[in-house]
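Novice: what follows is a predicted structure for the sequence shown.
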Amino acid sequence: MIVLSYHSLEDRMVKHEFQRLARERSFRVLTKKVILPGDEEIRNNPRSRSAKMRVAEKVATAESSAPEAWS
């Protein structure tokens with residue numbers, strides 16, 4: 001799951017939700033710190049300066065990886 005946020009209140013909600021999902025062990029957070037646009041990206045696209053990206057990966061559980069029973 002990749003989430004882009006554009007202001008601090010959005011980013012805070014995303015960060016806290018990722019932390020909750022990680023505690024529940026349903027997702028693994030891949031970005032320890034938020035990813036910000038580089039200088040070149042900001043020069044080419046000034047609107048990107050406020051963007052923040054966070055990434056998490058869904059973790060396969062025993063229940064979700066078990067094959068479905070045929071009816």
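Specialist: Nice, I can see it.

Novice: mind listing the residues bridging to the residue nearest in space to the middle of the chain?
Specialist: The geometric centre of the chain, computed from its C-alpha atoms, lies nearest to Val55 (Cα atoms, centre = their mean), at 3.0 Å. Bridge pairing for Val55 (DSSP bridges) gives the partners Ile2.

Novice: that one touches Thr31, doesn't it?
Specialist: Yes: distance between Val55 and Thr31: 4.8 Å, which falls inside the contact criterion (Cβ atoms under 8 Å). Where C-beta positions appear, they are placed from N, C-alpha and C, glycine not excepted.

Novice: in this protein, which spans are strands?
Specialist: Per DSSP state E, the chain carries strands over the ranges 2-5, 27-29, 52-58.

Novice: please state the offset of the shortest one from the chain centre?
Specialist: Its chain's C-alpha centre and that of strand 27-29 lie 8 Å apart, by Cα atoms, centre = their mean, to the nearest Å.

Novice: tell me what that strand is packed against?
Specialist: Contact analysis of strand 27-29 by 3 or more Cβ pairs under 8 Å, 6 or more residues apart in numbering; DSSP states H and E lists helix 8-23, strand 52-58 as its packing neighbours.

Novice: and that strand, which strands flank it?
Specialist: strand 52-58 (antiparallel).

Novice: just to revisit the earlier point, most tightly packed of the helices and strands packed on strand 27-29?
Specialist: Each of the helices and strands packed on strand 27-29 was assessed for mean neighbour count using mean count of other Cβ atoms under 10 Å. The highest is strand 52-58, with a mean of 16.

Novice: list the contacts of it.
Specialist: When contacts are taken as Cβ atoms under 8 Å, 6 or more residues apart in numbering, the neighbours of strand 52-58 outside the stretch itself are 1-6, 11, 14-15, 18, 21-22, 26-31, 34-36.

Novice: no further queries at this time; thank you.
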